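Novice: okay, predicted coordinates and the sequence, questions at the end:
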Amino acid sequence: MRYLPLTDADRAEMLDRIGIESVDEIFSDVPAKARLDGLLDLPLRKSEMEVERQLSALSNRNIAASQAPFFVGAGAYRRHIPASVDHLIQRSEYLTGYTPYQPEISQGTLQVLFEFQTQVALLTGMGVANASMYDGSTACAEAVLMACRITRRSKVILSGNLHPHYAECAHTLTRCTNIETRSNLARPGGLDDIINAIGEDTSAVVVQNPDVFGQAHDLTPIADAAHAKGAILIAVFTEAVSMGLMKTPGAMGADIVVGEGQSIGVGLQFGGPYVGLFACRNDRNYVRNMPGRLAGETVDADGRRSFVLTLSTREQHIRRDRATSNICTNSGLMALAWTIHMTLLGDTGLRTMAQLSHERACELANRLSSLGGVELVTDTFFNEFTLRLPGNAAEMVQALADRGVLGGVPASRLYPGKGLDDLLLVAATETNTQSDIIAYEMALKEVL
Amino acid sequence: MAMNNQGRPSAPVHTSDPGAYEETFSGSKGLDQAEPLIFERKTYGKTGVDFEVSTGTVTRLGTLVREGGLGLPGLSEPEAMRHYVRLSRKNYAIDLGLYPLGSCTMKHNPRLNEKLARLPGFADVHPLQPQSTVQGAYALIGELAHWLMTLTNMPAVAMSPKAGAHGELCGMMAIRAALDARAEHHRRRVLAPESAHGTNPATAVQCGFSCDEIPANQRGRVDMEAFKAKLGADVAAIMLTNPNTCGLFEGDIREIADLMHEAGGYFYCDGANFNAISGRVRPGDLGVDAMHFNLHKTYSTPHGGGGPGSGPTVLSEALAPYAPLPFLVREGESWRMVEDQAAAEAVNADPFGRMTAFHGNMGMFVRAMSYMLSHGADGLKQASEDAVLNANYVLARLKHVMTPSFEGLCMHEALFDDRFLKDTGVTTLDFAKAMIDEGYHPMTMYFPLVVHGAMLIEPTESESRESVDRFCDTLEALALAAKAGETERFTAAPRFAPVRRLDETKAARQPVLRWTPPAADAHAAEQPPSGG
């Protein structure tokens, strides 16, 4: 077997050295009834060629984003990722290392994480950021727990325009705690009334910007209202590139900013692995209550600047049942991909990428909403918008797919049974060409 | 002196005292090159990505458009390549050498897996595309689920958890949901051995339970009398790693499961150490109700410097109905992803909720599937056997110079404590750091907590005999050196790493978690440009 270096001769000599007859003796503690004789009912080993053939056949049964005019968003976006990103993350020294618990031989990964944290803080307009979470939705749920630790209150208001899957994750993670999370009703094209829902006992409000329908908001009045009641504003984003063009959540008064970093460096990946971004105010109480790993700067025995995982007394491997979170593994390699892509972009490239996405989305929205019976629901947006169609959006998305256009996500897939069946979420990025946009327009005209 | 035909010396010229010039002008030392932070390179305004020309008009954002920059530096492609390649060389990696981190299963990462995970039909598809356009991707998830259920003899598996700890949450939330369905709200105590991973008690608490520790016996296993004494009407579950974190198989596991079930509780198995038994023992045959896999350990989807992981969680008949959304169901020749509560109820499921926005770490599923297909039933069994063989060989070779914590054979990892360093002035930490100078990543140290100065060595099946022998030779020599009084060799280590030991106290007491512009620069930036 190509991955197993021991030969039968090695095995025999090693058994001899150990002083046993057979490897079965090592398994002698296994209860007799649970010992397997022979092999499981699964196929036997395969060559590289055979495995590649088998999995390629499965891959070929899917329509890849690169094979069709592609406008699907709702929490994951297709963007151009420079070839150097994927090359670099496959360097053995990044790909095949463990968590940098031995800092003397992990300075590469640690410096990368320190740079990543700084980039995330700059992008969100916040004081500090951690070394990544699993994804945006789990980062959001962890932010809810963190806010309740800080305020010592237990009521959390979730905007109805927060991605429903994010809201469900927050409900799930808190369902066994004393935290009460309540979701408002969705208001496509506007924003649910969060401000009047904030009370003296509110711990935090969770608002997505741009929201799940694509509508962009000024968070400042919500931040002011939350702060007046001693509550925390958790700002969520599902498209990190939006901050390339828009005011940062930090500038609008957010206290904790979390979201999905997937569109920078990582790609669609059919849902994962992604990279959760987590930033907050640079306040001692906030930092000590953060979940996840943190890389920090220090010096070595010779006084040289170096980096190390720090403040680990928050974490499960030290604090055990009193940890801020049970998280251990994070999204290290995806954070690396993210930071490389961001370093290649810089302020200038990020702004251009965001600008192009906005232009494409505006043109697409104008074209589609000028078709008979189609209405643009969102008037202020970055790269994603919502259309009201004269019929069932899910059926039209399928009809578009049958014509080779991946046209978006029907709102009913996110809000089933909520009477939003005629709404369609459509996203555009810099990867969409003029001919993609025209192909979509023609196809939609046909299926309407 | 040998000279070549251009008059250049072609053999070393003797120098009297190389030590006089240990410092260099550049800060680099040969191939160990100094590399500043990207923020210190004054490359604002530069970019390494070219785009089509944009019109620069923003028509739909009103007053929400940001004025001014964010301060994110940009590098051209050659500069970026050099930055990240230089930094990469300051990392240890499996591809550089044996990585004996106990409990972490640092095995070889086949590159076929990387190649296949990048096929466009897996990597470039969206989780919310029409389901008719992703049937092949669903089929792969279905096939992987079939392997995981077969390997464990369990009837169901939740695929969405994103890492081991996330899988623990999944399993414990399913247990909580099952108890709630039985209206047994008083069951709030979870038992876990002292030797448990820190994630176990942290998870239990996050699920609204309290954690009660069970002591280990003299043989490093659960103390059965203590376990029995802790059973009661308020017990919800036991969380147990098997093989346990001492590298030992819990021989009483079947009895533990039976007693827990009789007491009305459930058995959560931490699958972190499944590499020892994959293909040889099925947890379903041991009475397990839930167990997470660490696909990034056992099935070699790479660790990537700290993730991503993937933690599919198998569930027993009793817990299966509570598996989280979304989940796949097979309908004839096609697959359907069940994404909401109403659709779940229609297939008689009662999910406890949702753990992540989408349906799990597909990229890791492809890699794990590629790994499993490559190995097959025979190769997976052989891999486990080689893993335990290598660990026992390490134990056999080192037990005379180091101190094994427990007598007898081990499973996939060998546990030593620091008794062999008694009175040498060398600690476990010093010993570990000396391994760095010898070209090895240290073993897991100070874990598990049940022995003093723990050193937990997991060589995995990826090591050849030659490699394991070289490793044992080195550790043997180090142990003898410590006993011979070469204390400095250890206390000053590492001397040959890119940096020496770090001041971790300073890092924690005065946390610097991001780069900030030096005060002088920040001041200068506020001043209008002056003069000429």
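Specialist: Yep, that arrived. Numbers count the residues shown, from 1 in each chain, chains lettered A, B, ... in the order given.
Novice: quick check: closest non-adjacent residue to the closest residue to chain A within the stretch 51-200 of chain B.
Specialist: Proximity of the stretch 51-200 of chain B to chain A (C-beta to the nearest C-beta) peaks at B:Gly74, 1.8 Å away. Where you see a C-beta, it was placed from the backbone N, CA and C, and this is true even at glycine. With C-beta to C-beta, 6 or more residues apart in numbering or on different chains as the criterion, B:Gly74 has its nearest non-adjacent residue at 1.8 Å, and that residue is A:Gly346.
Novice: strands of the stretch 201-350 of chain B, start to end?
Specialist: B:210-214, B:235-241, B:266-270, B:290-292, B:313-315, B:327-331, B:334-338 (DSSP state E, counting those that start in this stretch).
Novice: please apply the same query to chain A.
Specialist: With DSSP state E, the ranges of strands along chain A come out as A:128-129, A:155-158, A:180-183, A:202-208, A:232-237, A:256-260, A:276-280, A:295-299, A:305-309, A:375-376, A:384-388, A:409-410, A:423-427.
Novice: pretty sure the residue nearest to B:Gly74 is touching B:Arg41, no?
Specialist: No: counting by C-beta atoms under 8 Å, A:Gly346 stays clear of B:Arg41, with 10.7 Å between them.
Novice: okay, and the common contacts of the two?
Specialist: B:73, B:75 (C-beta atoms under 8 Å, 6 or more residues apart in numbering or on different chains).
Novice: who has more neighbours, these two?
Specialist: Set A:Gly346 next to B:Arg41 and count neighbours by other C-beta atoms under 10 Å in any protein chain shown: A:Gly346 wins out with 26 against 15.
Novice: quick one, what contacts the more buried one?
Specialist: By C-beta under 8 Å, 6+ apart, the neighbours of A:Gly346 are B:43-48, B:72-75.
Novice: now the two most distant members of those residues.
Specialist: B:Tyr44 and B:Gly48 (13.3 Å; C-beta to C-beta).
Novice: now the strands of chain A as TSV including distance to chain B?
Specialist: Shown next, in TSV, are the strands of chain A (distance: least, C-beta to the nearest C-beta, whole Å):
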stretch	distance to chain B
strand A:128-129	5
strand A:155-158	14
strand A:180-183	11
strand A:202-208	12
strand A:232-237	11
strand A:256-260	8
strand A:276-280	9
strand A:295-299	4
strand A:305-309	4
strand A:375-376	10
strand A:384-388	8
strand A:409-410	5
strand A:423-427	9
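Novice: for the ones you listed, give me CSV that also has mean neighbour count.
Specialist: CSV is the format used below for the strands of chain A (neighbours: other C-beta atoms under 10 Å in any protein chain shown):
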stretch, mean neighbour count
strand A:128-129, 24
strand A:155-158, 25
strand A:180-183, 18
strand A:202-208, 26
strand A:232-237, 28
strand A:256-260, 31
strand A:276-280, 31
strand A:295-299, 22
strand A:305-309, 23
strand A:375-376, 16
strand A:384-388, 26
strand A:409-410, 28
strand A:423-427, 28
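Novice: okay if I get these as a markdown table plus distance to B:Pro9?
Specialist: Shown next, in a markdown table, are those (distance: least, C-beta to C-beta, whole Å):
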| stretch | distance to B:Pro9 |
| --- | --- |
| strand A:128-129 | 53 |
| strand A:155-158 | 74 |
| strand A:180-183 | 75 |
| strand A:202-208 | 68 |
| strand A:232-237 | 62 |
| strand A:256-260 | 59 |
| strand A:276-280 | 55 |
| strand A:295-299 | 40 |
| strand A:305-309 | 37 |
| strand A:375-376 | 77 |
| strand A:384-388 | 67 |
| strand A:409-410 | 70 |
| strand A:423-427 | 65 |
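Novice: so which bits of the lowest-mean-pLDDT helix or strand in chain A are buried?
Specialist: Ranked by mean pLDDT, DSSP states H and E, the weakest helix or strand in chain A is helix A:316-319, scoring a mean of 80. Buried residues in helix A:316-319, defined by neighbour count with 16 or more other C-beta atoms under 10 Å in any protein chain shown: A:316, A:319.
Novice: wait, does it make contact with chain B?
Specialist: Yes: using C-beta under 8 Å from any C-beta of the partner chain, helix A:316-319 reaches chain B at A:316-319.
Novice: which stretches of the chain have low pLDDT?
Specialist: No chain was given, so I picked chain A. For chain A, no stretch is flagged by pLDDT under 70.
Novice: chain B was what I was after
Specialist: Along chain B, segments meeting pLDDT under 70 span B:1-5, B:14-19, B:520-532.
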